[in-house]
Each structure stands twice: as C-alpha cells, then as structure tokens.
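curious how this folds, go ahead:
(chains A and B)
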Protein chains: 2
Amino acid sequence: MKLTAKTLDIADRGVLLNRIDARGIGVVEGDRLQVMNHANGRTVSAHVEMTEAMVGSGTIGLYAPIHCSLSVGDGDEVEVWEAPKPASLDLIKKKMNKRKLTRDETRTIVNDIVSENLSLAELSAYVTANYINGMDMDEVEDLTIAMVETGSQLSFSNRPIVDKHSIGGVPGNKISLLIVPIIAASGLKIPKTSSRAITGAAGTADLMEVIAPVEFTAEEIQTMTEKVGGVIVWGGSTNIAPADDQIIVVEYPFKIDARGQMLASVMAKKYAVGANLVVIDIPVGVSTKIRDVAEGRKLAREFIDLGERLKMRVECAITYGDSPVGHTIGPALEVKEALAVLEGATEPQSLIQKSLSIAGIAFEMAGKALQGEGYAMAEEILKSGKALAKFKQIIEIQGGDPSVTADSIPLGKHTHVVNAPWPGYVVGMNNPSLVSLARLAGAPQDHGAGIQLHAKTGERVDRGQPIFTIHADRPWRLKLAVEEGRRLMPVLVEGMLLERVPSEHHLG
Amino acid sequence: MKLTAKTLDIADRGVLLNRIDARGIGVVEGDRLQVMNHANGRTVSAHVEMTEAMVGSGTIGLYAPIHCSLSVGDGDEVEVWEAPKPASLDLIKKKMNKRKLTRDETRTIVNDIVSENLSLAELSAYVTANYINGMDMDEVEDLTIAMVETGSQLSFSNRPIVDKHSIGGVPGNKISLLIVPIIAASGLKIPKTSSRAITGAAGTADLMEVIAPVEFTAEEIQTMTEKVGGVIVWGGSTNIAPADDQIIVVEYPFKIDARGQMLASVMAKKYAVGANLVVIDIPVGVSTKIRDVAEGRKLAREFIDLGERLKMRVECAITYGDSPVGHTIGPALEVKEALAVLEGATEPQSLIQKSLSIAGIAFEMAGKALQGEGYAMAEEILKSGKALAKFKQIIEIQGGDPSVTADSIPLGKHTHVVNAPWPGYVVGMNNPSLVSLARLAGAPQDHGAGIQLHAKTGERVDRGQPIFTIHADRPWRLKLAVEEGRRLMPVLVEGMLLERVPSEHHLG
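Model prediction:
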C-alpha cells in the first residue's frame, strides 16, 4: 500500500496508521510494518500504532527514528507492507512455557532488544517470564555474554583489570570514592562504571558528578584508565551492555530484581570493561536486598560460579547493612566525608574499615599483597596520602578541579537539626526512611541535599542533643523533608528499659 | 516544576520530557506525572517518555489525550509533579509471586486497565503472570465480573436471553449466520456480538459485514434485539467488556491463549449482553485450540462451572474440527453458502447439521423443545423458511438490503482452479494452510477473497478433477495465493495404496 508521509516528533521506532488503512494492509496494533522510501530504496521496520483521527486514511505518521532512517519528509510517498514477526517472540513464548533457552536463542532475543525490534510490552513479557520461571546458570551465562557482545567492550593490553560492585540497598555507601583511588595508586587498573540513584539517595555516579564530569564513551574510559589507572564514571552514558538499560526500564515499575537477571547485569558490565578480578560487596540486613548471611553466601557462590564460567576471578565480601555507611547520605555530604578520609580523617570507622577491607581483598587476589596482608597495604596507601593524590589525578583527567578539598564542598545551606526528644540510646536506624527523607530534601538531583547523622546505633544521647541534620538546596524541599521526618522517625532513641511489665501478672 | 506545553498528535496517555527536566523532577521512563493547567485547574496523570532532543529543557510534549483533557495549547504553561504509582503495580507483582488475587484486587487492576492507568508494558506483565501462574476459578470469576462492570451492559426486561460462542480454530465456521435467525425465529432473543478475524480468514463480524453494517452501540444492540429478536454485530465497536480488547493487544504478539483469560473473556461478553442460556461450541482437532475430546470435556466443565457461579446456564457442544465447516472459506463465499442453506439448499451437511445441533441445544435449554427434540424443531424452522425471513429482518434492522439472495453475493472475480494431480482420495485437509491461502488471496479485508472446496476428506477424485478454487478481488493477491498454494498443498490426494514396500526386504 502507498501512503503519504507525515513526520511526527516521537522517539519510538513506530508508525501511526489510520484504522482503515491498518485493516486494508491486514495489520493490528503490535504488528510490524516494513516502510520503504522509493526515492532512495531505504527500508525500515516499525511498530504499528493505530488511530481513528490523528492521521487520516491514506496518510502514515512516521516517528522520528523512522523518518530519519528513511530520509522522508512531510508529503513524500512511502510504500508499506506487513513485516514478519521477529523470531524472539516464539523464543519468549518458549520461556513463558517454562522451557530452557539455548545460547543462540538468548542471543537472538538480546539482539532484538538492542536493535529495538521488540516493543516494551514484548520486552516486559520476557522479563516477567524470566522473573517467574527463573534462569539456570547456563541461561545466566548466555544472557551475560549476549549483553556483552551487543555493546561496546574495553580491551586493555595488560591484565589484571580490577573492578568492584556493591549490591546496593545501604545508604551512604560511598566506598568507591576510596577504593578506586587506593587500587589505582597501587598500580592496578580499575575502570569503574557506576550508576545513578533511581530509588536511592545517591549512586556513585551522582557522587562523583559533584566534583567532576561522569559521562564518557567506552573509548574515553579506556584511555583515561590507561593514563591514571582508574576512573569513576556513569555507566549509562556508555554503550556498555545496553540491553541491560532497556531491561531496567520494564523492571522498574514492579521493582523486579530477579536473581539471574541481576547476576547477568552486574557481571556483563564487569566483563565488558575487561575486568578479570572482581570483588562483590554484598550488604546484609533487614532493609537491604539480602536479608541474612545464609542468603548472602548463596548469592556469593552464584557470583563466583558465574565468574568461573566467564574466566573471571570473583570474591565476595558479605558486609553489615543495617545502618548507613559513615555519617552522611546525599551527594555533596558523602563526597565531603570521603574526601576528608582521603585527607587524613580517622573517622568514620564504618566507612574506612569497609573500604580498606574490599581494597585489601583486591590486592590479595592480584598478588599485590600476601593472604591476610591486603588490608594493611590499603591502609598504608590511604594514610600515606597516595590515595588522595591519585583521586586528584582521576578528578583532573575527568575534567574536574583537582584542587578540591573536603572543606570546599558546598552543602545545602537550608538546614534543620533534629534533636533527641529524651535521653537514651539510639536503638535503631531505618534505612528506607533515611533515604526517603534525603530524597524529599532533593537528593540526588540537588547535590547539596541530604542527611548528616550525629549519632549512630548504640550511642548514648542526652535530651536535646542533635541526632541528625537535614540539608537542602531549596527551602520548600527542606520543609517537605522536615514534615515527613516527624512522621517517619528514622532514628529511634529509647531508654535502656524498653518495656515495663506491670505487677498484676501474678502466678495462679 | 513549570514547563511550556508543546502539543503532539499521539494517541497515548503520555508526555514527552527532556532528560534534564526528568532528572530535575526525579522521574524516569515508566513513571507517571501529574500535569496541571493553572488556567482552569484541570489535572491529569500521564506516562513519562523521555527524549534527548525532541523537546528541549523547559518544554513538555503533551500527547493528544493529555492536551485535550487539559485544554492546553502550544506555548501555554503547565505545572508538573511526580504522580503516585497505581496500586495495580503491587497487585501484579503479587500475581508474579504466585499468590492469589482477591476480588477487590482484580477489580483494581481491571479498573486501571480500562482507565489506561497502566502502560502496555505493565499490562503485558499482568497477562504474562496470569499465563504462567494460571488463575483458579475464583480468580476467573472475579476477572469476568470486573470486565463486565467496567463496560456497558444490556438489560432486557424479559428472560431468557440466549447466546452462543465458538472457541474457534476451524475455518468456514459460518454457523452463527444460521443459528441466530433460527433462534430468533422461535421467539427467543439472541443479541449476538462477534469478532473480526485477527489471524483467521473471516470472523462472524466480517461475514455479516458483507450484507449489513455491524458497528453499533450497546443501546442500539438492545433496541434492535428487542424489535426483531436477534442481531449479528461486531463486539469491538461496543463498550462491552473493554478491558478484554486491551488484554488482547498484548496477548497477540505471543498468541497467548491462557485458559482462565479465555474463559473470562468469553463469559464476560455473554454476561454483559444479559445472556442466561449459553451454548459453547468446542471444535476438537489437531489444528484447533483443543486437541482431543478429553481436553474438550475438561474445558466444557470449566465453562459450566463458571456459568453456575455467574447464574448462567451453560451447555457445551464438542464438535468435529479437523476439516473446514461447509465448502467455503472467506467472507462473501461463506455468506453465499449460508444464505443458500437458508433459501433451501440441502448441502453442505457439515454446516447444516452443526448449526441445527447447536440451535437445538438452545431450544431444549430454554424449554422450547423437549429433551432430544431440539434438533427437529430447529430443522423445521430452517425448512419452513422462517429462519430466512428472520435473517432478512435482521439484515434490514442493521441497515442492510433485505432483498439479498445467495446468487446476488459477488465473489472475487479473479479465480484459479486447483485440480487433482492424479486420481485418488482426499486423505487430508490442512486447516492452517487453507486459512493462510485465503488470507493471501485477501481475506478478510477483501470480501470476495477465499477458497471454494470442491472435494473434502474421504471423497474420490479423478486426475484433473477440480479440488478447490481460489477467489480474489485483486489479481496480484490471486498470484500470491496460487504461488503459496503450490508450496503448502492444503488438500492432499493419494491413491489408496499409500506406500509400497520394496521386495528386497527378505527375511534373514
């Protein structure tokens, strides 16, 4: 059928057909159409959307990726016909029917995801089927490899390449800002790609962005790493494992975090940057993704197994996840805290010990330190100031100002201090509530927003003593957070006597 | 955040945000935004789509349903903020986690489907979860009721109201064109809504459209049925069980036909038109949806069980589905064959017997005929010409020409006759291949396109004797079908000797 083109400024790989023309061609919503520009012979495939009125019969609305690929303008004539369905649909149905996919089948699906041959609804069916029916380790391995192969890869001439990943769920987990410079200062390479917060208060990329640009191509990441030994960049702006970014979009509304998918997602990104020594931080606690140590150990074995299949050495650190790491939550506050430690501060211990432990594991895996001596080596690099010097090189090569100091980081100037309502002990900190408060105050978009903790679990506080301060860049954001803070009570102060059993409970 | 509106002619309930503004608001793809027009105070909720370039920072693209609801024009200012997620998302996640949904939970989901609060990707996750994890009969009942309640309903003052449904999968199944007039001629009411073919050669609505309009509102269907006793209309143009239409869109790419979903879909449409006596035709055969009689009986029990829960009497007819019904496939060909039978033709027996059997069951259920005498009653109504007279009333009230006769129906004038390549017996007919051929010839969009069978399974044919004729409205369509016919060989002719075992197979 020949139709007149109307260009539409929409980002989907779709076309808009009048219902009458759709019937004439024999396609319905969800089908695909081949669209051809006779003038230059170009043909593309597009998803069909239907309308009663937006475009009339005889006209076809071409969304941006389509009219750009075809070089078609308003009023030009295009020829259309029904396109075959992608092979992925039958393979996704196979997975819905609880059958195992082969490596080639997984590759076909991931190729179709990356080339946007699948609609979001079709991709959602794939993700849902994987979530419900699960993937065995063969399938996870195949998915990992397919995600790597369909994106950019770094290729260093010298190994080892070190990487680390935190499973997430713990606020204030700014350890990469210490680990990356410590490892790079030892002469090892660590091209660290990281994420922005989606539901959290600050991802590592959000932190680094306070002091340096974080958006680079894969080639730039490789060049910078070769020069200074390490980078801290945003993975989302590279073309590394791009299928994962699209999968995340459909997982997001349901907060799906399927085990196999998560393993493949993490390891594909590590594999694609060329890492062969990887440390995985698995925080365990009631409000993290992993509830207890037994579950943490199971996940650790899966990471190690997948690593062996990919010829990568993986070690895992099961860490304490019931309280925030350090005393700060939010981009600028966390960067200030990490910089202060690099500059020589000996507090907070939770941040320092966790960072040195993980860097130490990497040193032992790389043979830089003997078994049991990695922590001390990391500590020496930190205390000597070598890590701070390396961090400044990293900031500089990414385009930031290397003269930055902890004291120079601006915090949100609108603040509210929450004091202890009575004397007692901090008996609990609610991580999701703390994150929620930091987000209400503006984190991660407002760099200065967040929470400074003055007391942590187990500490004794007097009545009226500050327990935390909320920072915000904008007054109305502060107001929102303060109001919600009254309701959520994210830090609990109690006397040592938690409950008094009344005397009327007599025997008999 | 305040943004400048840019109207976009897209049918989705969406808005297009620049990535920078999306970060500023704190939303990502898949989130929802509240959009407010300060000028009139109107607020609507919309899905967020993101772009790097289509709209710049400070501008928001508003799709048609959004800018229409708000009465906003290009350049107007709107205020936006993050909207809460619909409760359905947690309920769909619950179903993904293999837990049973309550009636209220199902109602919440169906409400969100009908009011387009769920994206297609989210709806796809719901349908996939139902397909993989299944629904028990409580959930099927709840879904049926929710689909009924979220759409239009017919309400007749007098019962019984009869209805019938064929599970599908058999080409040439034009029986509703006989059953509806036979039942209406008896004085019973049958407001028959039917579908158009999506993957088949002709749905009942496609057939009826050859001789009369089929698009009516629920109110019109009720009025016409009250006047002449029956109608044959397209269900898709009514607002009856509209959730089902949206579910079908996401099921379609995968050809999902989940049992529970199918039961709810069929019965919701019957319930909504007020039917309380329903006959379900379950064709059984290798190329239909139901492979054997045992599976057909199981499905029949489920329909009957669901009917009891809804206070509807249901009987099922398990029918032969390995060959086409009658000798024709395609809109005009099928209408011509059905009209000829109403006019007195005594062939084809497969069509006549199936139609009379199902009409007879309805007569016995309604108490119009004694047990075992329904078939004879239906036959009498057919032979007496009362069914033909009633059919003409139905055609007329729907706006068609009641003077239509079998001979006056125009068939596709481009034809190709396929002859037997050698003498022998018709040993097999491949239903999917026959449908595929009819579709290539242009069915169901081209009314004249289809296949006329001259011989059916078991019949003896001489070499060169016609076995079927392909009809098409357009010559290039005929050419496509003829070429494909050579490859598919949808009708197999063989000698009685199917294989000759050569003599060299000696013992020892």
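
how close does A:Ile451 sit to A:Gly442?
Distance of A:Ile451 to A:Gly442, computed by CB to CB, to the nearest Å: 11 Å. Glycine gets a C-beta too; all of them are placed from N, C-alpha and C.

er, A:Leu478 actually
Per CB to CB, A:Leu478 is found 8 Å from A:Gly442.

cool, and A:Ala87?
Per CB to CB, A:Ala87 is found 46 Å from A:Gly442.

got the contact list for the spatially most central residue of chain A?
By CA atoms, centre = their mean, the mean C-alpha position of chain A lies nearest to A:Ser195, the distance being 3.7 Å. Applying CB atoms under 8 Å, 6 or more residues apart in numbering or on different chains to A:Ser195 gives the contacts A:203-205, A:234-236.

try 6 Å this time
Neighbour list for A:Ser195: A:203, A:205 [criterion: CB atoms under 6 Å, 6 or more residues apart in numbering or on different chains].

quick revisit: ok, A:Ala87 and A:Gly442, which is more surrounded?
Neighbours were counted for A:Ala87 and for A:Gly442 using other CB atoms under 10 Å in any protein chain shown; A:Gly442 has more, 27 against 14.

what pairs with the strand of greatest length in chain A, and is each one parallel or antiparallel?
If you go by DSSP state E, chain A has its longest strand at strand A:42-51. As defined by DSSP bridges, the strand partners of strand A:42-51 come to strand A:14-18 (parallel), strand A:32-37 (antiparallel).

using PDB, list the CA coordinates for that strand.
The C-alpha coordinates for strand A:42-51 follow below in PDB (Å, rounded to 0.1, in the frame of the first residue of the first chain):
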ATOM      1  CA  ARG A  42      15.700   2.500   2.000                       C
ATOM      2  CA  THR A  43      13.500   0.200   4.100                       C
ATOM      3  CA  VAL A  44      13.000   0.000   7.900                       C
ATOM      4  CA  SER A  45      10.800  -2.000  10.200                       C
ATOM      5  CA  ALA A  46       8.400  -0.200  12.600                       C
ATOM      6  CA  HIS A  47       5.800  -1.000  15.300                       C
ATOM      7  CA  VAL A  48       2.200  -0.200  14.300                       C
ATOM      8  CA  GLU A  49       0.100   2.100  16.400                       C
ATOM      9  CA  MET A  50      -3.400   2.800  15.300                       C
ATOM     10  CA  THR A  51      -5.600   5.900  15.400                       C
END
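
give the buried residues for it.
A:43-51 (16 or more other CB atoms under 10 Å in any protein chain shown).

which among those gets closest to A:Asp12?
Nearest to A:Asp12 among the buried residues of strand A:42-51: A:His47, at 6.9 Å, using CB to CB.

how much space separates that closest one from chain B?
Distance from A:His47 to chain B, counting by CB to the nearest CB, to the nearest Å: 10 Å.

hey, where'd the helices end up in the stretch 51-200 of chain A?
With helices called from DSSP state H, counting those that start in this stretch, the stretch 51-200 of chain A shows them at A:64-70, A:88-96, A:103-114, A:120-133, A:137-149, A:176-185.

looking at these, which is buried most?
Here the criterion is mean neighbour count by mean count of other CB atoms under 10 Å in any protein chain shown, and of the helices of the stretch 51-200 of chain A the winner is helix A:176-185, at a mean of 27.

quick one: it to chain centroid distance?
On the basis of CA atoms, centre = their mean, to the nearest Å, helix A:176-185 sits 19 Å off its chain's mean C-alpha point.

cool, stretch A:354-364 as well?
Here stretch A:354-364 is found 22 Å from its chain centre; the criterion is CA atoms, centre = their mean.

average pLDDT across that stretch?
When pLDDT is averaged over stretch A:354-364, the result is 95.

hmm, who's touching that stretch?
With contact meaning CB under 6 Å, 6+ apart, stretch A:354-364 is reached by A:162, A:175, A:178-179, A:182-183, A:279, A:281, A:315, A:317, A:319, A:369, A:371, A:374-375, A:377-379.

which of those are buried?
Burial by neighbour count, 16+ other CB under 10 Å: within the contacts of stretch A:354-364 this picks out A:162, A:175, A:178-179, A:182-183, A:279, A:281, A:315, A:317, A:319, A:369, A:374-375, A:377-379.

tell me which parts of chain A are close to chain B?
Contacts of chain A with chain B, taken as CB under 6 Å from any CB of the partner chain, map to A:9-11, A:23-24, A:26, A:29-30, A:51, A:54, A:89, A:93, A:96, A:120-122, A:124-125, A:128-129, A:132, A:249-250, A:252-254, A:445.

now, the buried ones among the contacts of stretch A:354-364 that are in strands?
Counting by DSSP E, these contribute A:162, A:279, A:281, A:315, A:317, A:319 to strands.

list the contacts of the last one.
It stands for A:Thr319. With the criterion set at CB under 6 Å, 6+ apart, A:Thr319 makes contact with A:281, A:283, A:354.

ok, the first one touching A:Ala317?
Yes - under the criterion of CB atoms under 6 Å, A:Asp281 is in contact with A:Ala317, at a separation of 5.2 Å.

related to what we said a few turns ago, which residues are common contacts for A:Leu478 and A:Gly442?
A:Ala472.

tell me, how many neighbours does A:Val293 end up with?
Residues lying near A:Val293 (other CB under 10 Å) number 12.

list the contacts for it?
Neighbouring residues of A:Val293 by CB under 6 Å, 6+ apart: A:284, A:318.

and the pLDDT at it?
The per-residue pLDDT reported for A:Val293 equals 89.

could you pull up phi and psi at it?
When read as degrees, to the nearest 10, the backbone of A:Val293 gives phi -60, psi -40.

and the gap between it and chain B?
24 Å.

next one: that residue from A:Pro65, what distance?
Remark: distance between A:Val293 and A:Pro65 (CB to CB) = 48 Å.

cool, A:Leu310 as well?
Applying CB to CB, the value for A:Leu310 to A:Pro65 is 33 Å.

same check on A:Glu79?
From A:Glu79 across to A:Pro65, the span is 19 Å (CB to CB).

dump the residue contacts of A:Ser433.
So A:Ser433 contacts A:488, A:490 (CB under 6 Å, 6+ apart).

tell me the average confidence for whichever strand or helix holds it?
Here A:Ser433, judged by DSSP states H and E, is contained in helix A:431-440. Confidence over helix A:431-440, taken as the mean pLDDT, stands at 91.

with stretch A:54-63 instead?
For stretch A:54-63, mean pLDDT rounds to 88.

next one: it to chain centre, how far?
Relative to the mean C-alpha coordinate of its chain, stretch A:54-63 is positioned 39 Å out (CA atoms, centre = their mean).

same question for stretch A:162-176.
Mean-position distance between stretch A:162-176 and its chain equals 10 Å (CA atoms, centre = their mean).
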